[in-house]
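S.K.: No letters, just coordinates:
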């Protein structure tokens, strides 16, 4: 069972922030072999969605207000632990992230910069291609927009 919680950056406990940064580093830096600066000064203005199983963070994402990453509200740093892959937690994470973005910022457009190999995954939620493939930190990405979601 996954317990979901969300908090503003200032409300995160040090242990929660550490778990978020550790999971993101485990996947984005170590697993994907990508050297980049994860701490980009967007976390402080974002809302953080976390999925916990037995006191271990297994999934997280951040909801970034409009005007920070893009003109529109954004969902970023979407990540699930390798320990729970294939169990559908990524789908739950994205669905909950969309709902949280709407609850926090209204039912406007959501803009993401997705890793290109996950394009079909995001399209299954209604996201549409909004640009050409580009390299970010050596990984193919594509900008996508969610125009409406009921």
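M.R.: That came in fine, so what should we check first? What you see is a predicted model, and the numbers here were worked out from it, not measured in a lab.

S.K.: can we go C-alpha only for contacts and neighbour counts from here?
M.R.: Noted.

S.K.: now the strands: where do they sit in the protein?
M.R.: 3-8, 47-53, 56-64, 73-80, 110-115, 128-129, 134-136, 139-146 (DSSP state E).

S.K.: Can I get those in a markdown table including mean neighbour count and mean pLDDT?
M.R.: Conversion of the strands of the chain to a markdown table gives the following (neighbours: other C-alpha atoms under 10 Å; pLDDT from 0 to 100):
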| stretch | mean neighbour count | mean pLDDT |
| --- | --- | --- |
| strand 3-8 | 14 | 98 |
| strand 47-53 | 21 | 98 |
| strand 56-64 | 24 | 98 |
| strand 73-80 | 22 | 97 |
| strand 110-115 | 23 | 97 |
| strand 128-129 | 18 | 97 |
| strand 134-136 | 13 | 92 |
| strand 139-146 | 19 | 96 |
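
S.K.: Those strands: which one's closest to residue 96?
M.R.: Across these, residue 96 has its closest neighbour in strand 47-53 (8.2 Å, C-alpha to C-alpha).

S.K.: Pull up the pairing partners for that closest one, direction included.
M.R.: strand 3-8 (antiparallel), strand 56-64 (antiparallel) (DSSP bridges).

S.K.: neighbouring contacts of that strand?
M.R.: The contact list for strand 47-53 (C-alpha atoms under 8 Å, 6 or more residues apart in numbering) reads 1-9, 57-64, 93, 97.

S.K.: Just the buried positions in stretch 78-96, please.
M.R.: Neighbour counts over stretch 78-96 (16 or more other C-alpha atoms under 10 Å) mark 78-81, 89-90, 93-94, 96 as buried.

S.K.: In the chain, which residue is most central in space?
M.R.: residue 78 (2.4 Å; C-alpha atoms, centre = their mean).

S.K.: chain center to stretch 74-91, what's the gap?
M.R.: Distance of stretch 74-91 from the chain centroid (C-alpha atoms, centre = their mean, to the nearest Å) equals 8 Å.
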